[in-house]
Each structure stands twice: as structure tokens, then as C-alpha cells.
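> show me how the following folds:
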Amino acid sequence: MSAQEDESRKGRRVALVIAGTAVFWILSELIGAQMGWSNRIRALLTMIAGAGFIWALWMIFQIWRARQDNQG
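The predicted model follows:
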């Protein structure tokens with residue numbers, strides 16, 4: 001597998017993590033409001049979503065560093 005194919009695969013994975021995290025966050029807020037979940041539970045779910053976004057940023061940083069290393 002070439003470096004470019006590996007980079008593309010990692011980029012798609014990051015996009016899926018970001019999209020999945022966003023969908024999780026929106027649905028958890030909607031369902032939580034509809035079902036009357038406490039603010040504590042909703043805050044926990046928001047923090048989980050935040051962790052997903054931070055993980056995606058970390059993955060983006062790793063892709064960027066790998067690209068910098070490959071350029072020379």
C-alpha cells in the first residue's frame with residue numbers, strides 16, 4: 001500500500017469519526033430532551049462526544065505529521 005493510499009484511508013476514517021460523533025451528539029441531545037434525562041446524563045454524553053472530537057483532532061494531527069515527514 002502506498003503512502004498516499006494509507007493517508008487517504010486515514011482521512012476517510014477521520015471523516016467517519018467526526019460525522020459519527022456529530023450524529024451521536026445530536027441524537028443524544030434530542031433523545032435526552034424528549035425523554036427528560038437529567039442534565040447530568042446529558043452532560044456526560046456531551047463529554048463523550050467531546051472526547052470523540054478530540055480524538056479526531058489527534059488523528060488529523062498524526063496525518064499532518066506523517067505528511068510533513070514524507071515531504072522531507
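> contact partners for Ile48?
Residues near Ile48 by CB atoms under 8 Å, 6 or more residues apart in numbering: Phe24. To be clear about C-beta, it is placed using only N, CA and C from the backbone, and glycine gets the same treatment.
> any idea which element it lies in?
According to DSSP states H and E, Ile48 maps onto helix 39-71.
> for Phe24, same thing?
According to DSSP H and E, Phe24 maps onto helix 3-35.
> give the other helices and strands that that helix contacts.
helix 39-71 (3 or more CB pairs under 8 Å, 6 or more residues apart in numbering; DSSP states H and E).
> give me the distance from the helix it packs on to the chain's centre.
The chain centroid and the centroid of helix 39-71 are separated by 5 Å under CA atoms, centre = their mean, to the nearest Å.
> repeat for stretch 15-22
5 Å.
> ok, residues contacting it?
The contact list for stretch 15-22 (CB under 8 Å, 6+ apart) reads Ala49, Gly52, Phe53, Trp55, Ala56, Met59.
> ok, now stretch 49-62?
Under CB under 8 Å, 6+ apart, the answer for stretch 49-62 is Lys10, Arg13, Val14, Val17, Ile18, Gly20, Thr21, Ala22, Phe24, Trp25, Ser28.
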